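[1] what would the 3D arrangement of this be:
(2 chains)
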Amino acid sequence: MGVFSEAIEVVCSPAGQPLRLIWGGHTYRVGADPVRWYERRNWWEEETRAERGHGAGLVDTEIWRVQARLNDRSELRTLDLSHHVRSDRWRLIRIHDALKDSA
Amino acid sequence: MGFIHLHAATAFSAHYGVSWPEEMASAAAADGADALACTDRDGLYGTVKHLRACMDAGIDPIVGVDLAVLDDGNAVTGRVVILARGHAGGAGYRALCRLISAAHAATSASRARTGKPVGVTMEQLAGYVCVEGEEEPVLTVLVGPQSDVGQAMRWRSYAVARTLFGRWRSLIPARALAVEVVTHLSAPGENLSLAHAVRMFRLADEMRVPAILTNAVRYVDEDGAATADVLDAARSLTSLSRLPDLQPNAQGWLKGTREMTALAREISSEAGYGASGAARMLADTAALADSCRIDPVADMGWKQPVVPEASVIGIEAEPLIELRQRCEAGITRRLRPRDSIAEMELRNRLEHELGIIERLGFASYFLTVAEVSAMITGMGVRAAARGSGASSLVNYLLGVSHVNPLDHDLIFERFLSRDRSTLPDIDIDVESAERHNVYHRIFERFGSERVTLMSMQNGYRARGAVRDAGMALGMAEAEIGAVAKQLWRFSARNFREALAEKPELREFSGQVEKNRQLDLLVDLTERLDRLPRHISMHPCGVILGDTSLLDRTPVQPSGLGLPMSQFDKHDMDPMGMLKLDVLGVRMQSAMAFAVREVVRVHSSREDVIAAGRHRAGPQTPDPEFIEADGRINLDAVPFDDEPTYELIRSTHTLGCFQIESPGQRELVGKMAPREFNDLIIDISLFRPGPMKSDMVRPFLEHRHGFSPEVYPHEALRPVLAETHGVTVFHEQVLRTLNVFTGCGLAKADELRRLLGNETAEPGVEEYFRSKAAARGYTPDTINKVWETLKAFGSFGFCKAHGAAFAVPTYQSAWLKAHHPAAFLAGIFEHDPGMYPRRLLVAEARRMGIPILPLDINRSGDTYRVERLDDGRLGIRLSLAGIYGLSAVELRRIAAGQPYDSLADLRARAKVSRPTLRRLARLGAFDSLSHQTGSGASRADLISYLDAAAAKPASRKYDPIPGQLALPLGDTELANLHHELPEPGLREKVRTELDLLSVDVSAHLMESYAPLLRSLGVTPAEALVDLRNGTEVLVAGIRVATQTPPMRGGRRVVFISLDDGTGCIDCTFFHEAQEKSGPLLFGTELLLVRGLTRRTGPRGISLQALEAWNLADTDSLPKPAAQRGMLVGSKRSG
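    Residues are numbered from 1 along each chain as shown, chains lettered A, B, ... in the order given. As a prediction, the model looks like this:
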């Protein structure tokens, strides 16, 4: 499993569910039933401010685990995306089959 | 319809909840919910606030608790939520109270809970769910993700979960049971993940009990999550990085209907139940919420006063008839009306008060208070009412208060009126040393089912907040300590603001700019501000009720061993609880001590009269307040004693109640009180309101005739005459309103309470203007009077409070004027004031009262007045003040006195070696050594003890019990040879300060005398002879630091220095604070340059310009000779 972070563009359904990813100049289609959760951040190590009213996104991050492929013939890849709600920016944070690919 | 949250903790769940009930209720209402539950952890700490918040928000309150479940070995198996059924005539709420009390029974009151944790076994819980006579269960138990069942489900132990739930079902009726479904959408496999909720939902389905959706709320919105993290760290006393069970994420907030509905759909669809499952879960949740809606009045007795049954206070007659009889008896005992007009006034007032009491049905309440008061006095303990209770003639006649309201124009309506249905407050001051005994006696007298102590919420303040925030961040303790020490009396909320403004934080402020972690520290400190940390016994509140009391409040153990309510003072009125404030007042103990000393050291009544100069001349009447055995009945001392007022005017009021602070000494100096009413005015003026709004200056100018008195209208002359036209008292506001509107005093008090309230005040103004105009007052007058009311009405002072306070003020000054040695001994013993004991010792020295050194045979376990050979009275130091002397040693020493030798002391009192050495260093053996005829010095003895200490005496020389040591005298001491010189004065004083914190042999500053002379420092006693505005240098030991609120909101720091000749009060305004920086707080010995400010005929203070640390010799200014000026004579512009 590769762990890194890279900006990625995500097109969502009206309910906020990712439909397509634009990554490395290619568009990936997201397969059925992506999984969403909220993951804690060690904010006290990563942030310099935590003032009252800082708002959502300080303590946790929205994570989507999606399965995506370029086209019907290409392999499904499992990706974890983090969604920064306030700025609506997405980052790719994990590629689950990256190790297998590189091997 | 809006989603109703049934599991929500408020900030009153200490170290757990984040948001205040008001925030929660208004957020719920704004989202469209028409009800909200408050389920604080372990108790109903926030419940009453929740009720009020819900009523204000227009939604129904729901009441419950989040409680730990214990197994038979008292280990916690998990937590469940328990909700009270509503609209059940209070049955649900009663069961909840009793259940929570049971959960706290046999727990330890200390904060580091040891022993049984707070919680109940399932069997115990089952015993409260149903009650006799109620068909439906009165409580509902939500078995959720934190329960044993829920934890098993988290780990997918389905079989275990089913078995555990089976136990719940076998103990608790199915109608009282539900499964709580919660997801915080945490990562798969974690606590509160979606799958976790799905498993719980399926379990409910399988077990055929409702699934109830909640969000296990800890904060009102996502922003609170970081605060919750810090609270979790504080609760576990560790840093965030080390905390094993952090909340999984930030989703435990009061989510809105949209979010909760989406969650229901998500859970249901994942569980395979589709949309109908979600609808079912939401409907079941709403149905449970409906059955738990609380009617504050019918279920919880909202605002319905409950007092002990008349039979408990031994009354069989109608309480009102009894009350009337006791008042009649009081008239005979306390009052002898001067004439028929006074008699009529008295009768009218009594009928008026009794009429109102009858109408409100409060006769039993007054009798209860009288009963408590009589019980305390019967214990031989001083007791006096304080507060607005002094407004009542009935209280005076019952012996509850000691001020006759008719003498001081006190208005009953300020205390109680027909329009106010809440129980009035009566506060009783008792001797602090006897307070706990008094509590125990109240419990015995009324029975533990009718009495409990009130609690108080202890919130985070700046220092504690910094400490816990620093700990959460994992900062080093020394680093946190250094920051915490810098904080001085401002709320954590304004930390960042304070950093920018306060000179003493300048250094720290610079560090913040450099260090990122400090920045975070500041933010977290501000987040913690004011959040409740724990409850503790309120210092004075006792709740009295009838046998239903423990159905109305949960109780838990207090540090005193007596049960304590989970409700605080703000909850009393709403819950109809009668609270007596039994305050321990050290001054009362000090005065009681002084009175006992007076009896002890004088041989007869005549002796007391002579010593106290109580009969100035042959014409003076016999002082009736002195009893046959010489005991002074302080409460009978007339309020017109001239020497007492003389003492007060001299401003030498150190030790006196209320008037010893620097600001008060300045004020009494300016005001020069001549009679009791002056004292009442003085105490009432010395408040933040009057000081801030500049009422004092015009009052003093009018009083001394510097400027003519001004009345807005002739009609107000009788109302305002006593304060020369300035509105000082609530009573004057009431009368002014009454004069201008004719509204009556009861209504006037209602109006007064609305002054200063932004929304209500305009209504009062309109009423005032129209009524006053109708009564023919001119617009100009109306304007002027309204402005006064508006400005002063909200913070004027209740004259009854002032009058009640003035009594001990007068009594203490009276004792100081007539029996100074006994009075100061009482002050040393009970330490009632704001100053360190050493300052009061210096005051005794100034007054010429000898301070007698420690002596192993003459010093006891208290300070004592001792008659010297020349007939004077001195004060003998107490052994109790010695550093490191244990209470056990102290008791043994005192019990064994006198001793004829060191051996005798060792054998019978079994003092430890260090104690023996300390006693020697303090000179406690000097007289013993003297008796033996030894010429050895104190230093010889110390060196002998140091050497001898190595080999303890063999036990075979211990006397056999019952056998007396041979009275050989002290051969040990007699054989000591004189070799070493006696320790010098400076060394003796240093030792005394180290071991007693009091400089006994001489004032500490005496050793600085040469330095001070070379600097040209002016002694305190010489200041009063200087002209106003003289520039001087003064020096002394800091004895007090105050930052009272001042006009204009700019901080002023008062520092009082003691130099042995008196006390110098230095005022540091903004610029001087800037110049002095870190010296302002903490530095003990100060040198101050400043300008004299005359404050009264005998009063002078200093406006400080600059300060130095006297101990830091290099930093000091050059000696006077080198500066080329004559200090003390230079006039400044």
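[2] chain A: helices as residue ranges?
    For chain A, the helices defined by DSSP state H occupy A:43-46, A:98-102.
[3] for the shortest one, packing partners?
    Which is helix A:43-46. Other helices and strands packing on helix A:43-46, by 3 or more Cβ pairs under 8 Å, 6 or more residues apart in numbering or on different chains; DSSP states H and E, are helix B:224-236. All C-beta spots, glycine's among them, are computed from the backbone N, C-alpha and C.
[4] which elements pack onto the helix it packs on?
    helix A:43-46, helix B:462-473, helix B:516-528.
[5] buried ones in the shortest one?
    This points to helix A:43-46. A:43-44 (16 or more other Cβ atoms under 10 Å in any protein chain shown).
[6] OK, contacts around residue 76?
    Let's take chain A. Contacts here follow Cβ atoms under 8 Å, 6 or more residues apart in numbering or on different chains; on that basis residue A:76 touches A:31, A:67-69.
[7] if you could check chain B rather than the one you did, that'd help
    Counted by Cβ under 8 Å, 6+ apart, residue B:76 has contacts B:68-70, B:117, B:119.
[8] min pLDDT across these, which one?
    Across the set of the contacts of residue B:76, residue B:117 stands lowest in pLDDT, at 93.
[9] hey, what's the residue lying closest to that residue once chain neighbours are set aside bridged with?
    Nearest residue to residue B:117, sequence neighbours excluded (Cβ to Cβ, 6 or more residues apart in numbering or on different chains): residue B:76, at 5.7 Å. Residue B:76 has the following beta-bridge partners by DSSP bridges: residue B:70.
[10] would you mind listing what in chain A touches chain B?
    A:35-40, A:42-45, A:47-60, A:63 (Cβ under 8 Å from any Cβ of the partner chain).
[11] out of those residues, which sit inside strands?
    A:35-40, A:60, A:63 (DSSP state E).
[12] let's check: the centremost residue of chain A is which one?
    The centroid of chain A falls nearest to residue A:81 when counting by Cα atoms, centre = their mean (0.8 Å).
[13] same check on chain B?
    Within chain B, and using Cα atoms, centre = their mean, the residue nearest to the centre is residue B:539, at 6.0 Å.
[14] so which strand or helix has that residue?
    Element membership of residue B:539, judged by DSSP states H and E, is strand B:532-544.
[15] show me what that strand is packed up against.
    helix B:435-446, strand B:451-459, strand B:563-565, helix B:569-572, strand B:578-585.
[16] and the angle from that strand to helix B:462-473?
    Going by axes from the mean of the first three to the mean of the last three Cα atoms, to 10 degrees, strand B:532-544 is angled at 140 degrees with respect to helix B:462-473.
[17] which strands border strand B:532-544, and is each parallel or antiparallel?
    strand B:451-459 (antiparallel), strand B:578-585 (antiparallel).
[18] in the chain, where is pLDDT below threshold?
    Since no chain was named, I'll use chain A. A:1-4, A:97-103 (pLDDT under 70).
[19] should've been chain B
    B:110-114, B:337, B:420-421, B:486-493, B:504, B:692-693, B:793-795, B:948-970, B:1045-1049, B:1120-1133.
[20] how close does residue B:230 sit to residue B:280?
    39 Å (Cβ to Cβ, to the nearest Å).
[21] neighbour count winner among these two?
    Taking other Cβ atoms under 10 Å in any protein chain shown, residue B:230 and residue B:280 do not tie; residue B:230 has more neighbours (26 against 18).
[22] show me the contacts for the closest residue to the more buried one other than its chain neighbours.
    Nearest residue to residue B:230, sequence neighbours excluded (Cβ to Cβ, 6+ apart): residue B:472, at 4.6 Å. By Cβ under 8 Å, 6+ apart, the residues touching residue B:472 are A:44, B:229-230, B:233-234, B:239-240, B:524.
[23] next one: residue B:13
    B:40-42, B:45-46, B:66, B:218.
[24] send me stretch B:678-696 as PDB with only the CA atoms.
    C-alpha atoms of stretch B:678-696 as PDB (Å, rounded to 0.1, in the frame of the first residue of the first chain):
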ATOM      1  CA  ASP B 678     -22.100  55.900  58.200                       C
ATOM      2  CA  LEU B 679     -20.700  52.500  58.400                       C
ATOM      3  CA  ILE B 680     -23.600  51.100  56.400                       C
ATOM      4  CA  ILE B 681     -23.000  53.800  53.700                       C
ATOM      5  CA  ASP B 682     -19.300  53.200  53.700                       C
ATOM      6  CA  ILE B 683     -19.600  49.500  53.100                       C
ATOM      7  CA  SER B 684     -22.200  50.000  50.400                       C
ATOM      8  CA  LEU B 685     -20.100  52.600  48.600                       C
ATOM      9  CA  PHE B 686     -17.100  50.300  48.600                       C
ATOM     10  CA  ARG B 687     -18.400  48.200  45.700                       C
ATOM     11  CA  PRO B 688     -17.500  47.900  42.100                       C
ATOM     12  CA  GLY B 689     -20.600  49.700  40.900                       C
ATOM     13  CA  PRO B 690     -20.300  52.900  43.000                       C
ATOM     14  CA  MET B 691     -16.500  53.000  42.600                       C
ATOM     15  CA  LYS B 692     -16.700  52.600  38.800                       C
ATOM     16  CA  SER B 693     -19.500  55.200  38.400                       C
ATOM     17  CA  ASP B 694     -17.900  57.900  40.400                       C
ATOM     18  CA  MET B 695     -20.500  58.100  43.100                       C
ATOM     19  CA  VAL B 696     -18.000  58.300  45.900                       C
END
